[in-house]
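Participant: Below are the sequence and a predicted model; questions follow.
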Amino acid sequence: MQLGLYSFGDSSVDPLTGSYVSESTIYKNLLERIELADQVGLDYFGIGEHHREDYPVSAPAVVLAAAASRTRNIQLGSAVTVLPTEDPVRVFEQFSTLDHLSEGRAELTVGTGIFREPYPLFGYSVSESQANFTEKLELLRGLNESQEVDFQGEFRTSLTGTKLWPRPVNKKLNIWVATGETPESSERAASLGFNANYSFLHAAPASKKHIVEHYRQIGRDHGHHNLKVAIAGRGFVAEKSGDAKAAIYRGWLPSVSKTNSERGHGAPTRALFEDHANGDGPIIAGDPNEVADRLANIHAELRHDRHMLQFDIGNIEHSLVMKSIELLGTKVLPQLKNL
């Protein structure tokens, strides 16, 4: 099982200034974190696309290109690219370019996004997001499979005998679909032959085994026998378990409070955090041995190919995040190499 990290470039209000941390600081910190993740042997680093003040990374491919010049081994990808609001042709060109800049380390994860801001921003309807996504996924598959593409659809102009450059280093990009918990989303990804990325933020990952198995079965039914599964969720590592949980709670509380308020949900409580961060909950936080044991137990149930942790929710202090990355690579990863 591969082990990686993902980030939305979280920002939060600095209590000393009353303002959000600057984008320049966020980007600088991100690059330092990706560089360290590469140095300690982690397998993957993903950056999510958002269009918000608290998640100020609106152009992941640009940040990943900068990271490519500072790293040597780590896979670099989006987490996610909001495909219904994008042109698949342009996305494919951008990530093929990133693939060359990184010497074959680029990946692409696409989804519909959990925030609605991109849709009015780029002139698309949220109500049509699923049909839009399905159509653009089919086009993306065609672009990845063949040098020459013909396409007709509703949400993008037609293509006839179109060829794109550059092609990816190994001819095809490694493409994942951020898949929801509905059977339909798993079936769409599996039937088209895309790897699946499941993000479990509210329930124990192992409790979703039936969803993962359904995806694999649909893939086999369509002749796709080597599909991969990634699991994503929040997590943090510190030398002491209590320190890890305290750090992620400081970031989790303002971040979840803001999004819950926007969606008309109740404020998160300490009791909810404790339920999520202990036992088999979706937050994997603790000392290196505790985190390694949690990850191994989840893998025993799901047999997934990659586990990714969102480790900087709410803009946890940079020094603590860097230490967490170091521990994840040097103390946790070695315990998982035989999975």
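Facilitator: Perfect, I can see it now.
Participant: Quick one: residues contacting the nearest residue to P118 once chain neighbours are set aside.
Facilitator: Once flanking residues are discounted, P118 sits nearest to T85: 4.2 Å by CB to CB, 6 or more residues apart in numbering. C-beta: built from backbone N, CA, C; applies to glycine. With contact set as CB atoms under 8 Å, 6 or more residues apart in numbering, T85 has these partners: 113, 118-119, 121-122, 124.
Participant: Need the pLDDT of T85.
Facilitator: T85 carries a pLDDT value of 98.
Participant: Give me the residue at the spatial middle of this protein.
Facilitator: Nearest to the geometric centre of the chain sits A79, at 3.1 Å (CA atoms, centre = their mean).
Participant: what number of residues lie near the closest residue to it other than its chain neighbours?
Facilitator: Of all residues not flanking A79 in the chain, G46 sits nearest, at 3.1 Å (CB to CB, 6+ apart). Neighbour count for G46, taken as other CB atoms under 10 Å: 27.
Participant: got it, and L201?
Facilitator: So L201, with other CB under 10 Å, has 14 neighbours.
Participant: ok, which stretches of the chain are helices?
Facilitator: Listed in chain order, the helices of the chain (DSSP state H) span 23-39, 60-68, 88-101, 118-121, 129-145, 183-191, 209-221, 241-262, 270-277, 288-302, 318-327, 333-336.
Participant: angle of the first one against helix 318-327?
Facilitator: Here helix 23-39 runs at 20 degrees with respect to helix 318-327, directions being taken by axes from the mean of the first three to the mean of the last three CA atoms, to 10 degrees.
Participant: Repeat that for the longest one.
Facilitator: Orientation of helix 241-262 against helix 318-327 (the same axes, to 10 degrees) gives an angle of 120 degrees.
Participant: now the fifth one
Facilitator: Using the same axes, to 10 degrees, one finds that helix 129-145 and helix 318-327 are set 50 degrees apart in direction.
Participant: got it, and the third one?
Facilitator: For helix 88-101 against helix 318-327, the angle by the same axes, to 10 degrees is 70 degrees.
Participant: Helix 88-101: which residues count as buried?
Facilitator: Neighbour counts over helix 88-101 (16 or more other CB atoms under 10 Å) mark 88-89, 91-99, 101 as buried.
Participant: out of the contacts of T85, which are buried?
Facilitator: Counted by 16+ other CB under 10 Å, those give 113, 118-119, 124 as buried.
Participant: quick one on the thing from earlier: what pairs with the residue nearest to A79 across the strands?
Facilitator: Y6, G77 (DSSP bridges).
Participant: can you tell me how far S102 sits from H225?
Facilitator: 28 Å (CB to CB, to the nearest Å).
Participant: How about L140?
Facilitator: With CB to CB as the criterion, L140 and H225 are 21 Å apart.
Participant: ok, now G142?
Facilitator: From G142 across to H225, the span is 21 Å (CB to CB).
Participant: So between these two, which is more surrounded?
Facilitator: It is G142, of G142 and H225, that has more neighbours when counted by other CB under 10 Å, with 17 against 8.
Participant: May I ask you to confirm that that one is in contact with F151?
Facilitator: Yes - contact criterion CB atoms under 8 Å: G142 and F151 qualify, at 6.4 Å.
Participant: The longest strand anywhere in the chain to helix 209-221, inter-axis angle?
Facilitator: In the chain, taking DSSP state E as the definition, the longest strand is strand 229-237. Orientation of strand 229-237 against helix 209-221 (the same axes, to 10 degrees) gives an angle of 150 degrees.
Participant: how distant is stretch 117-137 from the center of its chain?
Facilitator: Using CA atoms, centre = their mean, to the nearest Å, the mean C-alpha position of stretch 117-137 is found 19 Å from that of the whole chain.
Participant: Hmm, I typed the wrong one, I wanted stretch 251-258.
Facilitator: Centroid displacement of stretch 251-258 relative to its chain, using CA atoms, centre = their mean, is 19 Å.
Participant: Just the CA trace of it, in CSV.
Facilitator: Extracted C-alpha coordinates of stretch 251-258, given in CSV (Å, rounded to 0.1, in the frame of the first residue of the first chain):
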residue,chain,number,x,y,z
GLY,A,251,-7.3,23.0,12.7
TRP,A,252,-10.4,20.9,12.5
LEU,A,253,-12.6,23.0,14.6
PRO,A,254,-12.5,26.4,12.7
SER,A,255,-12.5,24.6,9.3
VAL,A,256,-15.5,22.4,10.0
SER,A,257,-17.3,25.2,11.8
LYS,A,258,-17.1,27.4,8.7
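Participant: close enough to count as contact, P60 and H51?
Facilitator: No - with contact defined as CB under 8 Å, P60 does not count as touching H51 (11.7 Å).
Participant: higher neighbour count, those two?
Facilitator: Each of P60 and H51 has its neighbours counted (other CB under 10 Å); P60 has more, 28 against 19.
Participant: Would you mind measuring from that one to V256?
Facilitator: Applying CB to CB to P60 and V256 gives a distance of 22 Å.
Participant: Please apply the same query to D221.
Facilitator: 38 Å.
Participant: neighbour count winner among the two?
Facilitator: Legend: neighbour count by other CB under 10 Å for D221 and V256, higher for V256 (20 against 11).
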